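Visitor: Sequence and predicted structure, then a few things I'm wondering about:
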Amino acid sequence: MTKAIPVRKFDAIIVGAGGAGLRAALQLSEAGMKTAVLSKVFPTRSHTVAAQGGVSASLGNSEPDHWTWHMYDTVKGSDWLGDQDAIEFMCREAPNVVIELEHYGMPFDRNSDGTIYQRPFGGHMSNFGEKPVRRACAAADRTGHAMLHALYQRNVRANTQFFVEWMALDLIRDEKGNVQGVVAMEMETSEIVIFQAKATLFATGGAGRIYSSSTNAFINTGDGLGMAARAGVPLEDMEFWQFHPTGVAGAGVLITEGVRGEGGILRNSDGERFMERYAPNAKDLASRDVVSRAMVTEINEGRGCGPNKDHVLLDITHLDPEVIMSKLPGIREISIKFAGVDPIKAPIPVVPTCHYQMGGIPTNYKGEVVVGAEIVKGFYAAGECACASVHGANRLGTNSLLDLLVFGKSSGNSMIDFIKSAPKDLPEVAMADVERSVARVARLDNQTNGTNVNDARLAMQRTMQAHAGVFRFNDMLKEGVKKILEVEQMVKTTMIADKSKTFNTARLEALELENLIEVAKATMISAEARKESRGAHVRDDALDVPETPNGRDDANWLKHTLWHREDNRLEYKPVNLQPLTAPSVALKTRSY
Amino acid sequence: MDEVELKRIIWRSRRGLLELDLQLERFVNEVLPTLNAQELAVYEQILLLPDWDFLEYVNGKSVCPDPELAVMIARIAAANAGSHGAAN
Ligand SMILES: Cc1cc2nc3c(=O)[nH]c(=O)nc-3n(C[C@H](O)[C@H](O)[C@H](O)COP(=O)(O)OP(=O)(O)OC[C@H]3O[C@@H](n4cnc5c(N)ncnc54)[C@H](O)[C@@H]3O)c2cc1C
């Protein structure tokens, strides 16, 4: 090594300043821990800002509710893949963390009696699935935004130290595997610095950008997952991704399902109204999964539209323009802006669009990263990058913001205990991981020819979209595994023309791609192997017969996937069906 | 405006909302390089807006109270009229 790398020392390091990172940081700073938070962007521009729907808690402000009902809904939503200890913990803690957030200054909508107003949301039921209950708490339609602001202000007061526009590159583990911190790069100067701490938390958010159609902002590149995988930590349940049926092809912006309600028709490249074949009665108004499945089947069988035959068309040209303007405001604008077509004159290109990642870095409900029976000492994860696992095979709406608060807080508490029990002085930093990280950056700086970063990213996104999308086929998955390993080779030889040292966005994007590809491989390989349908993982060849209703095969597949990067090996671990105190939610066929 | 500042601005054009990312993409590639120092300073101020306000202004749902910013926001919106041609 040519030059010594500076080391900065803290009690705790948090990578990520979204809801999960900020909530954890607050716990630590208010307990007097010297806490550093690293973020690629200013905290309040983290992707949590996008959340509009709300955060769930069984406060029972409008009608009776109970955390055991919330727990039941979550287990059922997860298609029984969620760990029931973690789910109990989350649902029981929910009222506390929401009230706490209120005390931090979160401007929740209120009832006339001053309590938090709660609204209904899909999947929220009272009395173990009986009838809908109002459980979602929101701050107008800016819940995520308000949450970030409240938590950020509070952190500033508590003296959390922010390192904004810093990108963490790699995790540092010593010879025993204990985590010592991260290697990070300051964007402005490209200086590489070691951040050393007793406890390190990843709260880096999701990786929706592995798909060509995603609702996620460009920032969601799965950096935490890439870093964990490179450091030998397996990734859990990565085959499970939530999709919306209709996003604008190539952009990802959602087209509300109300468009089909108003008479919108889906067509293939022959102009055929194909839903008539799949759902003769409901046609275009069939349920989400039926519509998604039909769309993907059309594309898969070569009846997709456009030069790449990779989308279908949503046609509203037959509707009265007045109706479009009055009943579907915004749709025309979205279509003109993001698809380049005026829907009054031509159909909108649409495709199932990735929204949320259920899998992630394996943790327990305390936020500790767990591999096999062992805890990885000094390493924690929370939020969308973590898999506790509360969402299992399918997340319930509004449970994600809740996950940020509950597991942000619980990992903060676990870190405080660990820091207090650790020796006062930090040990020498083990240099092997640091050198590997520096070498990754050096490779990019020295590579003078090779693959264009954009080309490699597009190849990855197209492969994921076509082979591991909302609805999956055995041979497509098999081919997808081959293809994604080829894309991996492209990523290993990416070349950037800009070698400058200041805010080199080309380099940042190349480094992000190295994280995305880890997530893509984990997803494809885990999905190919899981031979059943469960929650968001739906396969054409998983039969809906009495032994495996909806294609779900509990006898063989009631287990979590763990993907190991070094040899693409898969390993499985049992689902925890035993809650902490409540009775177990017994296995049942999932139907709504 | 030096090159570092310009590159910082480009990075800060990454936002927390997909719709903003998409709408800023073309503006950053095509219009940003043509702005003079004063215009860039205005754009930098826009980047300090909360994402949801910024998006509402770009989408014309409401008007930015600062007229100077509003003019630049109109240019962002204009750069995007029918830009993302997935269909063609
Ligand atoms: C459009 C949309 C609407 C949604 N609505 C809802 C809703 O209504 N209710 C709900 O419960 N959920 C909703 N979700 C899901 C929810 O918003 C997310 O799951 C959640 O906000 C993720 O929060 P997080 O703290 O894990 O990560 P994020 O908020 O994504 O933050 C990640 C942080 O990590 C930082 N980071 C990442 N990589 C690095 C690196 N290498 N170095 C340094 N910093 C890094 C980023 O800068 C950022 O600060 C929605 C999602 C979308 C896309």
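Guide: That came through, no problem. Residues are numbered from 1 along each chain as shown, chains lettered A, B, ... in the order given.
Visitor: Residue A:404 - how many residues pack around it?
Guide: 29 (other Cβ atoms under 10 Å in any protein chain shown). No exception for glycine: its C-beta is placed from N, CA and C like everyone else's.
Visitor: Quick check: nearest residue in space to it, chain neighbours excluded?
Guide: Nearest non-adjacent residue to residue A:404, counting by Cβ to Cβ, 6 or more residues apart in numbering or on different chains: residue A:19, 3.5 Å away.
Visitor: separation between the residue in the stretch 451-592 of chain A positioned nearest to chain B and residue A:453?
Guide: Proximity of the stretch 451-592 of chain A to chain B (Cβ to the nearest Cβ) peaks at residue A:503, 3.5 Å away. According to Cβ to Cβ, to the nearest Å, residue A:503 and residue A:453 sit 16 Å apart.
Visitor: Can you check the pLDDT for residue 14?
Guide: Defaulting to chain A. If you check residue A:14, the pLDDT there is 98.
Visitor: wrong one, I was asking about chain B
Guide: At residue B:14, the model reports a pLDDT of 94.
Visitor: Wait, a helix at it?
Guide: No. Secondary structure of residue B:14 (DSSP: H, G, I helix; E, B strand; the rest coil): coil, not part of a helix.
Visitor: Run a quick neighbour tally on it.
Guide: As a burial measure, residue B:14 scores 20 neighbours (other Cβ under 10 Å).
Visitor: Wait, it touches residue A:220, no?
Guide: No. Contact criterion Cβ atoms under 8 Å: residue B:14 and residue A:220 do not qualify, at 10.7 Å.
Visitor: any idea which helix is longest in chain B?
Guide: Longest helix in chain B, counting residues (DSSP state H): helix B:67-79.
Visitor: near the ligand, anything from stretch B:21-36?
Guide: No. Using Cβ under 6 Å from any ligand atom, we find that stretch B:21-36 stays clear of the ligand, coming within 11.7 Å at best.
Visitor: contacting residues around residue A:318?
Guide: A:263, A:265 (Cβ atoms under 8 Å, 6 or more residues apart in numbering or on different chains).
Visitor: Any figure for the gap between it and the ligand?
Guide: Distance, residue A:318 to the ligand, by Cβ to the nearest ligand atom, to the nearest Å: 30 Å.
Visitor: go on, residue A:163?
Guide: For residue A:163, the distance to the ligand equals 8 Å [Cβ to the nearest ligand atom].
Visitor: what about that residue, neighbour count?
Guide: So residue A:163, with other Cβ under 10 Å, has 20 neighbours.
Visitor: Also residue A:486?
Guide: Neighbourhood size, residue A:486 [other Cβ under 10 Å]: 11.
Visitor: and the longest helix of chain B, what does it pack onto?
Guide: Applying 3 or more Cβ pairs under 8 Å, 6 or more residues apart in numbering or on different chains; DSSP states H and E, one finds that helix B:67-79 contacts helix B:18-26, helix B:37-46, helix B:51-58.
Visitor: ok, back up a step: hang on, isn't the residue nearest to residue A:404 packed against residue A:145?
Guide: No. Using Cβ under 8 Å, residue A:19 is not in contact with residue A:145; the gap is 10.6 Å.
Visitor: neighbour-wise, which of those two wins?
Guide: Remark: of residue A:19 and residue A:145, residue A:19 carries more neighbours, 33 against 24, as counted by other Cβ under 10 Å.
Visitor: Show me which residues of the stretch 201-350 of chain A are close to the ligand?
Guide: So the stretch 201-350 of chain A meets the ligand at A:203, A:204, A:205, A:206, A:215, A:216, A:219, A:223 (Cβ under 6 Å from any ligand atom).
Visitor: tell me, which of these make contact with chain B?
Guide: A:215, A:216, A:219 (Cβ under 8 Å from any Cβ of the partner chain).
Visitor: want to throw those into JSON lines with neighbour count and pLDDT?
Guide: Formatted as JSON lines, these follow (neighbours: other Cβ atoms under 10 Å in any protein chain shown; pLDDT from 0 to 100):
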{"residue": "A:215", "neighbour count": "24", "pLDDT": "95"}
{"residue": "A:216", "neighbour count": "26", "pLDDT": "96"}
{"residue": "A:219", "neighbour count": "23", "pLDDT": "96"}
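Visitor: of these, closest to residue A:471?
Guide: Taking Cβ to Cβ as the measure, residue A:471 lies nearest residue A:215 of these, at 17.8 Å.
Visitor: who touches the closest one in this structure?
Guide: Taking Cβ under 8 Å, 6+ apart as the criterion, residue A:215 is in contact with A:50, A:208, A:244, A:247, A:252, A:253, A:254, A:353, A:354, A:355, B:18.
Visitor: In space, what's closest to it - neighbours in sequence excluded?
Guide: Among residues not flanking residue A:215 along the chain, residue A:355 sits closest, at 4.9 Å (Cβ to Cβ, 6+ apart).
Visitor: need the next SSE after the host helix or strand of that neighbour, C-terminal direction.
Guide: In this structure, residue A:355 sits in strand A:348-357 according to DSSP states H and E. Sequence-wise, the next helix or strand downstream of strand A:348-357 (DSSP H and E) is strand A:361-362.
Visitor: Show me the strands paired with that following strand, marking each as parallel or antiparallel.
Guide: strand A:386-387 (parallel) (DSSP bridges).
Visitor: residue ranges of the helices in the stretch 201-350 of chain A, please?
Guide: Here the stretch 201-350 of chain A has its helices, by DSSP state H, counting those that start in this stretch, at A:223-230, A:258-261, A:275-278, A:288-298, A:321-327, A:331-339.
Visitor: Which single residue of chain A ends up nearest chain B?
Guide: For chain A, Cβ to the nearest Cβ, closest residue to chain B: residue A:250, 3.0 Å.
Visitor: ok, that residue touching residue A:350?
Guide: No. Taking contacts as Cβ under 8 Å, residue A:250 lies outside contact range of residue A:350: 10.1 Å.
Visitor: With neighbour numbers in mind, choose between those two.
Guide: More neighbours surround residue A:350 than the other of residue A:250 and residue A:350, with 27 against 22 (other Cβ under 10 Å).
Visitor: measure the more buried one to the ligand for me?
Guide: Residue A:350 is 17 Å from the ligand, by Cβ to the nearest ligand atom.
Visitor: and if you look at residue A:283?
Guide: Taking Cβ to the nearest ligand atom as the measure, residue A:283 falls 28 Å from the ligand.
Visitor: can you pull the contacts of that residue?
Guide: Counting by Cβ under 8 Å, 6+ apart, residue A:283 has contacts A:273, A:275, A:276.
Visitor: how about a markdown table for the helices and strands packed on helix B:67-79, with mean neighbour count and distance to residue A:463 added?
Guide: Formatted as a markdown table, the helices and strands packed on helix B:67-79 follow (neighbours: other Cβ atoms under 10 Å in any protein chain shown; distance: least, Cβ to Cβ, whole Å):
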| stretch | mean neighbour count | distance to residue A:463 |
| --- | --- | --- |
| helix B:18-26 | 22 | 21 |
| helix B:37-46 | 15 | 36 |
| helix B:51-58 | 20 | 30 |
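Visitor: Between the ones you listed, which one is closest to residue A:311.
Guide: In terms of Cβ to Cβ, the element of these nearest to residue A:311 is helix B:18-26, at 16.5 Å.
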